[in-house]
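# next come a sequence and a model predicted from it.
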Amino acid sequence: MSAPSDEPERSSPSLLLERLHIREFRNLGRVDVEPAPRINVIAGNNGQGKTSLLEAIYFAATSRSFRTHRLAELVRHGAPIASARARFVERRDALQPLAREQTAAVEHKRCVVRIDGNRPPSLASFATRSPVVAFHAEELALSTGPASARRTLLDRLALFMDPQSADHRARYAQALRARHELLHRGGGAQAQASAELDAFEALCALHGAALTRAREAAVQALAPELTHAFARIAAPDLTLAARYAPGGGGDAEQAREALREQRRRDAHRPSAGYGPHRDDLLLELDGHPARVVASQGQHRALTLALKAAETAAIASVRGVEPILLLDDVSSELDPDRTAALFMFLGMARGQVFLTTTRRDLIVTPGVPSSERRDFHVEGGAVG
């Protein structure tokens, strides 16, 4: 791995989590944490609640989990409600810090959120108020795995650039499912002349085109940050390029016509042949597909660069450095992997929470003791 360059790092005002109060969340009963402003190491054996602590931070900031879509899974067995309450502070030079309290709770399988005790205008406004970026073991396959993971990355960034993109994505998926059911129910024959089908295709076209435009803008914001990050983490003689490969188009009328033309074929497909559900972020090394030519080490560097680029792009859009959550990415690391991880950590300019089973691996020279705090998690208790 290459050494850090002498290029000065770009930085934004920092977002800090000052206090966290967790109640009945996963296997965490009652946990109150006051983190350090820079590095927070959460150590313990597997299955003790380390990841749940990170998940609670993510939930308090976004109203979502990075592990599951089923809210009921977040509630501790036998408890009626799970909640995470966080005090976030934005520190800006020469300006009064901006503080707020965000609360997310699961009540009767429903998510309830508050900012300073008030209901926010929308979940999107809640999720973009205090940006956090999570990096967990499953994302180590970002560059080699299915396109859905890369679409999710683009959607997270698009949410900060255009909060309406989340609504477009949800409405597109709903209309696409309805179109698919109509086509398969009629075998493509009766449904072709259906006014109902026309209506669902109009919705697919409208929201799909908007989603395509949002993702295209996200790639434009991500690509230069990715090039910058990869140049620092990987070998300097490699050239990385990121390119948006849309499955649909940004013009709603053209999208509507394309869906109409493909009705007969789509009636016999598992999914529509046109639309942003087929989008991908193509990654190329020296002009060749990274999935094909990259070594294991290069894929590792590429994944870390993608997360660093996501963090930097959100900081640029939001105007504040996101909080970084790293879940167990230090386990079973060889020397090269450790070097890549700490290169990545060195690029992080904001507050970091990191879980590990090996506290001895997490060495942070240059970080004052007042800016690092170590926690131990055992049996759902944090000390």
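Received the coordinates, thanks. Residues are numbered from 1 along each chain as shown.

# use CA for all of it now, contacts and neighbours both
Will do.

# give me the helix or strand of the protein that scores worst on average pLDDT.
Evaluated with mean pLDDT, DSSP states H and E, the helix-and-strand set of the chain has its lowest mean pLDDT in helix 335-347, which scores a mean of 70.

# next SSE after it?
On the C-terminal side of helix 335-347, the closest following helix or strand by DSSP states H and E is strand 352-356.

# tell me the angle of whichever helix or strand comes after that following strand relative to strand 352-356?
Toward the C-terminal end, the helix or strand that comes next after strand 352-356 (DSSP H and E) is strand 372-378. Comparing the axes of strand 372-378 and strand 352-356 via axes from the mean of the first three to the mean of the last three Cα atoms, to 10 degrees yields an angle of 40 degrees.

# so which residues make contact with strand 372-378?
The set of residues external to strand 372-378 that reach it, using Cα atoms under 8 Å, 6 or more residues apart in numbering, is 35-45, 48-50, 382-383.

# can we see that at 10 Å?
Contacts of strand 372-378 with the rest of the structure, by Cα atoms under 10 Å, 6 or more residues apart in numbering, involve 28, 33-51, 53, 351-357, 359, 364, 382-383.

# mean confidence for that strand?
Across strand 372-378, pLDDT averages out at 95.

# what about the helices in this structure?
Listed in chain order, the helices of the chain (DSSP state H) span 50-62, 123-127, 147-161, 164-185, 195-233, 252-261, 263-266, 290-293, 296-318, 335-347.

# quick one: low-confidence parts of this protein?
1-12, 94, 186-193, 329-340 (pLDDT under 70).

# apply 50 and report the result again.
Scanning the chain with the threshold set as pLDDT under 50 gives 1-10, 187-188, 191.

# quick one, what contacts the closest residue to Ala308 other than its chain neighbours?
The shortest distance from Ala308 to any non-neighbouring residue, by Cα to Cα, 6 or more residues apart in numbering, is to Ala229 (6.4 Å). Remark: with contacts taken as Cα under 10 Å, 6+ apart, Ala229 is in contact with 223, 301-302, 304-309, 312, 343-344, 347.

# what comes up buried for stretch 56-72?
Neighbour counts over stretch 56-72 (16 or more other Cα atoms under 10 Å) mark 56-65, 71-72 as buried.

# so how many other residues sit close to the residue nearest to Ala221 when sequence neighbours are not counted?
Counting by Cα to Cα, 6+ apart, Ala221 lies nearest to Ala313, which is 6.2 Å off, once chain neighbours are set aside. By the criterion of other Cα atoms under 10 Å, Ala313 has 26 neighbours.

# Ala313 and Leu226 touch, don't they?
Yes: assessed by Cα atoms under 10 Å, Ala313 is found in contact with Leu226 at 9.0 Å.

# anything in contact with each of those two?
Contact criterion Cα under 10 Å, 6+ apart; residues bridging Ala313 and Leu226 by contacting each: 219, 307.

# distance check, the residue nearest to Asp286 when sequence neighbours are not counted against Glu284.
The shortest distance from Asp286 to any residue other than its chain neighbours is 5.0 Å, reached at Thr239 (Cα to Cα, 6+ apart). Thr239 sits 8 Å away from Glu284, going by Cα to Cα, to the nearest Å.

# what about these two, which has more around it?
Of the pair Thr239 and Glu284, Glu284 is the one with more neighbours under other Cα under 10 Å, namely 18 against 15.

# what's near enough to touch that one?
When contacts are taken as Cα under 10 Å, 6+ apart, Glu284 is in contact with 239-243, 290-294.

# kindly recompute the last result at 7 Å.
Remark: with contacts taken as Cα atoms under 7 Å, 6 or more residues apart in numbering, Glu284 is in contact with 240-242, 290.

# ok, of these, which come out buried?
Using 16+ other Cα under 10 Å as the burial test, these include 240-242, 290 as buried.

# so which of those residues is the closest to Leu15?
Within the buried ones among the contacts of Glu284, the smallest distance to Leu15 is 28.3 Å, found for Ala242 (Cα to Cα).
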